[in-house]
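J.: Just the structure for this:
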Amino acid sequence: MSESRPPFPPFDRDDAWAKVQAAEDAWNSRDPHRVALAYTADSVWRNRDEFIRGRTAIVEFLTAKWERELDYVLRKSLWAYDDRRIAVRFQYEWHDREGQWFRSYGNELWEFDDHGLMRRREASINDVEITESGRRFFGPRPATERGSEHDFPLH
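T.: Modelled structure (predicted):
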């Protein structure tokens, strides 16, 4: 296998933060093909109530997601890690075609292969309506707001 995505397991705290930030950056690109490259070819997902397997399905899922969730912007935060697993909490904001804004709150469990590719992702997510004036995220996280000292509020 020639595909790899450093850092590689076993993870330390800096490696885990690097994985979290790389995932946030990729998802904020809203490029399904770019995002899918971080996963194994046969990666398995549970996203809310959907079960997804493989990169082709990941691309299809994300394409539909970002056609529905407009002006999507995401923040992720490291929750815990071990040698090859990372737990993340996240929030993202988006609006629907009618202009209603939402903040989606969630947790993800990630498992990686030896090449640093994610082979399993489980995401639990809840959506809360917000007003446009209640938004907190207005684009990808600037370099000055990265790392553990720049977390986001729970509510």
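J.: Every contact and neighbour count from this point should use C-alpha atoms.
T.: OK.
J.: how far is the longest helix belonging to the chain from where the chain is centred?
T.: Using DSSP state H, we find that the single longest helix of the chain is helix 13-29. Centroid displacement of helix 13-29 relative to its chain, using Cα atoms, centre = their mean, to the nearest Å, is 8 Å.
J.: ditto for stretch 83-91
T.: Centroid separation between stretch 83-91 and its chain, computed with Cα atoms, centre = their mean, is 9 Å.
J.: CA atoms only for that stretch - export them in PDB, please.
T.: Below are the C-alpha coordinates for stretch 83-91, written out as PDB (Å, rounded to 0.1, in the frame of the first residue of the first chain):
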ATOM      1  CA  ASP A  83      -2.200   4.500  20.300                       C
ATOM      2  CA  ARG A  84      -4.400   4.300  17.300                       C
ATOM      3  CA  ARG A  85      -7.800   5.900  18.300                       C
ATOM      4  CA  ILE A  86      -8.900   9.500  18.700                       C
ATOM      5  CA  ALA A  87     -12.100  10.900  20.100                       C
ATOM      6  CA  VAL A  88     -13.200  14.300  18.900                       C
ATOM      7  CA  ARG A  89     -16.000  16.700  19.700                       C
ATOM      8  CA  PHE A  90     -17.100  19.200  17.100                       C
ATOM      9  CA  GLN A  91     -19.400  22.000  16.200                       C
END
